[in-house]
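*Asks:* Please work out how this folds:
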Amino acid sequence: MESTFASLLTASVLPHVGIPLVLRLRGSKGVPVCRKGDFLMKYGQRILIGILLLSFLSVFAQAKIVFTAKREGDTAYHVYVMDDNGRNVHRLTHSEFYDRNPRWFPDGKQVLFVRDLTKGAAIGKDSEFYILSVKGAPEADQVPNTHPTDSHPVVSPNGKQIAFKSYRSGEADIYVMDLDGTNLRQLTDNIGKGWVHRLDYSPSGNQLAYEYEGKNGENIWIMKADGTRKERFSPRKPHNFFLGGPSWSPSGTYIMYRETERKGNGDWSIIAVRLIVQNVFTGHREEHHFGNDALIATQCWMGDDRTVLLSMKADLSTPGANYEIYRYRLDSRKLTNLTKHPKGDYHPHWSPGFLSVFPLDKLAIQWGHIKQVD
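*Replies:* Down below sits the predicted model:
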């Protein structure tokens with residue numbers, strides 16, 4: 001058996017991985033010699049297993065993007081995944097209902113998403129949360145204690161809790177609960193005051209950023225993860241400005257959000273669409289403009305504080321224009337279309353993979369099934 005492994009390593013593996021086979025042994029006259037065969041026979045099996053294990057892990061550990069789309073043959077929106085260069089697109093869910101808003105868990109092995117049982121007829125009126133895993137049970141299982149009006153869930157950085165928007169109280173508020181549906185807590189109280197929408201955790205998990213619309217228009221707010229110390233984060237804007245989709249940068253230094261300026265007074269034509277990157281500590285705003293004919297649906301960070309993903313319709317004036325997923329560099333302002341597909345692509349969310357660094361080698365991805373919630 002060991003000679004077989006030695007032959008395999010000698011012929012096909014070791015020449016490509018650069019393993020030096022220098023082993024000092026004593027010959028018949030006490031002269032050191034190098035005996036490659038003995039080395040391979042003794043350690044070949046361990047080396048081969050190690051190499052195969054690393055190759056296997058690298059397939060699952062590479063950076064990836066999940067998103068929502070309705071592509072050829074789909075009768076509903078489903079969750080898809082692709083490499084972070086837009087290649088190797090795979091469909092992950094196969095429900096008859098609409099699967100939306102996928103979000104990676106911090107470990108890069110699980111995805112939380114929303115299943116809309118109304119198939120788009122009444123979004124946010126009859127929804128459920130599910131967890132998807134690369135190595136899980138063959139059937140989906142609903143996250144316990146979800147409510148039909150729950151939407152836009154995000155996973156805490158420790159992977160143990162879900163924060164989300166819900167109308168459980170009769171108004172749009174933010175709630176948090178454990179993955180098993182226990183320890184449900186209401187973090188905002190907006191009855192008669194306004195409403196909230198999308199939200200995101202800080203990298204430390206100590207704070208939440210969220211959209212809030214009240215008497216002073218739509219703004220980005222921050223609060224502690226327990227619902228205390230609510231503060232407006234974005235500069236106050238007139239009512240014809242729409243601010244949304246706050247996303248905390250990987251370092252915790254910035255919050256990114258989109259700012260759509262419309263004419264107002266009954267005319268909601270777009271004047272400008274801006275991507276705002278605002279410093280959490282200084283308040284400095286960095287503006288990125290995409291013109292009057294662009295429309296950003298959602299955005300998220302990639303592997304550093306200078307690269308982001310956009311679900312954007314780049315030119316509203318073009319007939320048949322649809323939302324594509326773009327990679328955008330904040331420093332060079334370079335915009336790269338990753339999907340280039342005739343159908344719309346929405347809600348991108350990036351994960352580095354559990355063995356990855358950024359940027360990443362582009363490897364094929366293999367995928368499993370739906371994880372049962374314990």
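
*Asks:* Which residue ranges of the chain form helices?
*Replies:* Applying DSSP state H to the chain gives helices spanning 2-8, 14-17, 36-61.

*Asks:* Neighbours of residue 189, how many?
*Replies:* By other C-beta atoms under 10 Å, 12 other residues sit near residue 189. Bear in mind the C-beta positions are built from the backbone N, C-alpha and C, glycine included.

*Asks:* ugh, typo on my part, it should be residue 265
*Replies:* For residue 265, the tally of surrounding residues (other C-beta under 10 Å) stands at 8.

*Asks:* Tell me the spatial nearest neighbour of it, not counting adjacent residues.
*Replies:* Distance criterion C-beta to C-beta, 6 or more residues apart in numbering; nearest residue to residue 265, sequence neighbours excluded, is residue 240 at 7.8 Å.

*Asks:* Show me what the biggest strand by length in the chain is packed against.
*Replies:* Assignment by DSSP state E gives strand 267-279 as the longest strand of the chain. Judged by 3 or more C-beta pairs under 8 Å, 6 or more residues apart in numbering; DSSP states H and E, strand 267-279 is in contact with strand 254-264, strand 285-289, strand 295-301.

*Asks:* And these, which one averages the lowest pLDDT?
*Replies:* Of all these, the minimum mean pLDDT falls on strand 254-264 (a mean of 90).

*Asks:* Could you pull out the buried residues of it?
*Replies:* Judged by neighbour count (16 or more other C-beta atoms under 10 Å), strand 254-264 contains these buried residues: 254, 255, 256, 257, 258, 259, 260, 261, 262.

*Asks:* how far away is the second one from residue 266?
*Replies:* Using C-beta to C-beta, to the nearest Å, one obtains 31 Å as the distance from residue 255 to residue 266.

*Asks:* Who are the contact partners of the residue nearest to residue 167 when sequence neighbours are not counted?
*Replies:* Excluding the flanking residues, the one nearest residue 167 by C-beta to C-beta, 6+ apart is residue 149, at 3.8 Å. Contact analysis of residue 149 by C-beta atoms under 8 Å, 6 or more residues apart in numbering lists 124, 125, 127, 166, 167, 168.

*Asks:* try residue 329
*Replies:* Applying C-beta under 8 Å, 6+ apart, one finds that residue 329 lies in contact with 306, 307.

*Asks:* circling back: neighbours around the residue nearest to residue 265, how many?
*Replies:* By the measure other C-beta under 10 Å, the count of residues near residue 240 is 15.

*Asks:* One more: residue 289?
*Replies:* Residue 289 has 11 neighbouring residues, counting by other C-beta under 10 Å.

*Asks:* Next one: the residue lying closest to it once chain neighbours are set aside from residue 223, what distance?
*Replies:* With C-beta to C-beta, 6+ apart as the criterion, residue 289 has its nearest non-adjacent residue at 5.6 Å, and that residue is residue 274. Per C-beta to C-beta, residue 274 is found 24 Å from residue 223.

*Asks:* ok, the residue nearest to residue 110 when sequence neighbours are not counted to residue 109 distance?
*Replies:* Nearest residue to residue 110, sequence neighbours excluded (C-beta to C-beta, 6+ apart): residue 133, at 4.8 Å. According to C-beta to C-beta, residue 133 and residue 109 sit 6 Å apart.

*Asks:* just checking, residue 99 touches residue 93?
*Replies:* Yes. Counting by C-beta atoms under 8 Å, residue 99 touches residue 93, with 4.6 Å between them.

*Asks:* Could you turn the buried ones of the contacts of residue 149 into a ChimeraX selection?
*Replies:* To isolate the buried members of these in ChimeraX, using 16+ other C-beta under 10 Å:
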select :124,127,166,167
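
*Asks:* for the contacts of residue 149, which one is nearest residue 316?
*Replies:* For the contacts of residue 149, the closest approach to residue 316 (C-beta to C-beta) belongs to residue 124, at 25.0 Å.

*Asks:* thought the closest one was touching residue 168?
*Replies:* No. In terms of C-beta under 8 Å, residue 124 does not count as a neighbour of residue 168; the distance is 11.8 Å.

*Asks:* what does stretch 332-345 rub up against?
*Replies:* With C-beta under 8 Å, 6+ apart as the test, stretch 332-345 has contacts from 65, 67-72, 80, 82, 85-86, 288, 309-311, 314, 320, 322-328.

*Asks:* Going through these, which ones are buried?
*Replies:* Among the contacts of stretch 332-345, those classed as buried by neighbour count (16+ other C-beta under 10 Å) are 65, 67-71, 80, 82, 86, 288, 309-311, 314, 323-328.

*Asks:* Give me the subset of these lying in strands.
*Replies:* Among the buried ones among the contacts of stretch 332-345, the residues falling in strands (DSSP E) are 65, 67-69, 80, 82, 288, 309-311, 324-328.

*Asks:* Which one of those is nearest to residue 120?
*Replies:* Using C-beta to C-beta, those come closest to residue 120 at residue 68, 11.4 Å.

*Asks:* what's the closest one in contact with, if anything?
*Replies:* Listed by C-beta under 8 Å, 6+ apart, the contact set of residue 68 reads 77, 78, 79, 80, 99, 100, 101, 102, 345, 346, 347.

*Asks:* among these, who's most crowded?
*Replies:* Highest neighbour count within the contacts of residue 68, by other C-beta under 10 Å: residue 345, with 28 neighbours.

*Asks:* Please name the bridge partners of that residue.
*Replies:* Here residue 345 sits in beta bridges with residue 69, going by DSSP bridges.

*Asks:* How much space separates it from residue 259?
*Replies:* Here the criterion is C-beta to C-beta. By it, residue 345 lies 22 Å from residue 259.
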